[in-house]
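okay, predicted coordinates and the sequence, questions at the end:
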Amino acid sequence: MLLNDEKDVQEPWVQLHHFVVDRGSKYSATGGRVESTDEIKMFVKKVKKEKKYAKATHNIFAARVVVEGKIVERKSDDGETGAGMVVLRLLRQHNMINVCVVVTRWYGGVHLNADRFKHVQDGAMLMLECLTKETNL
């Protein structure tokens, strides 16, 4: 069930490995369709099931699903304070529902300061473009 002008994701699983490498830190993004809060947990668990993702420094995620006609949101910074909100904000801005987006970071030994949030945002945006197969959300 769509509410207003929300965009419903159909792709079950898309993964982009190392879309950016900056001063040794590597970023990947994973996204796909989820339909409940339990599926959000399972989706993140599936990402972490792969050993290299389980060993990543951060697996940041945000998700939005429709439950009983209402949008339910979940997010996690996974130690990267504020990063989950960066992803959730994009999901809201683009009216995305039934979606989970995970941005993974492997720390490279150099602090990136504010650039780390730009990379998280870029990864989430790239994933939304892949999931909706649109270049202009």
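Cool, the structure landed.

enumerate every residue touching the nearest residue to residue 99 once chain neighbours are set aside.
With C-beta to C-beta, 6 or more residues apart in numbering as the criterion, residue 99 has its nearest non-adjacent residue at 4.2 Å, and that residue is residue 9. To be clear about C-beta, it is placed using only N, CA and C from the backbone, and glycine gets the same treatment. Neighbouring residues of residue 9 by C-beta atoms under 8 Å, 6 or more residues apart in numbering: 31-33, 96-99, 131-132.

try it again at 6 Å.
33, 98-99, 131 (C-beta atoms under 6 Å, 6 or more residues apart in numbering).

which residues are in contact with stretch 37-49?
30, 34, 53-54, 61, 63, 74, 100, 102.

what's the most distant pair in the contacts of residue 9?
Maximum pairwise distance among the contacts of residue 9 (C-beta to C-beta): 10.3 Å, between 98 and 131.

low pLDDT regions in this protein?
Judged against pLDDT under 70, the low-scoring parts of the chain cover residues 1-4, 134-137.

for the longest helix along the chain, packing partners?
If you go by DSSP state H, the chain has its longest helix at helix 115-132. On a contact count with 3 or more C-beta pairs under 6 Å, 6 or more residues apart in numbering; DSSP states H and E, helix 115-132 meets strand 14-22, strand 25-33, helix 83-93, strand 99-106.

buried residues in that helix?
Buried residues in helix 115-132, counted by 16 or more other C-beta atoms under 10 Å: 116, 119-121, 123-128, 130-132.

which strand residues bridge the residue nearest the centre of the chain?
For the chain, residue 101 is the residue whose C-alpha lies nearest the centre (C-alpha atoms, centre = their mean; 2.2 Å). Beta-bridge pairing of residue 101 under DSSP bridges involves residue 31, residue 62.

next up, the contacts around it.
Here residue 101 is in contact with 31, 62, 87, 124, 127 (criterion: C-beta under 6 Å, 6+ apart).

appreciated, that's everything.
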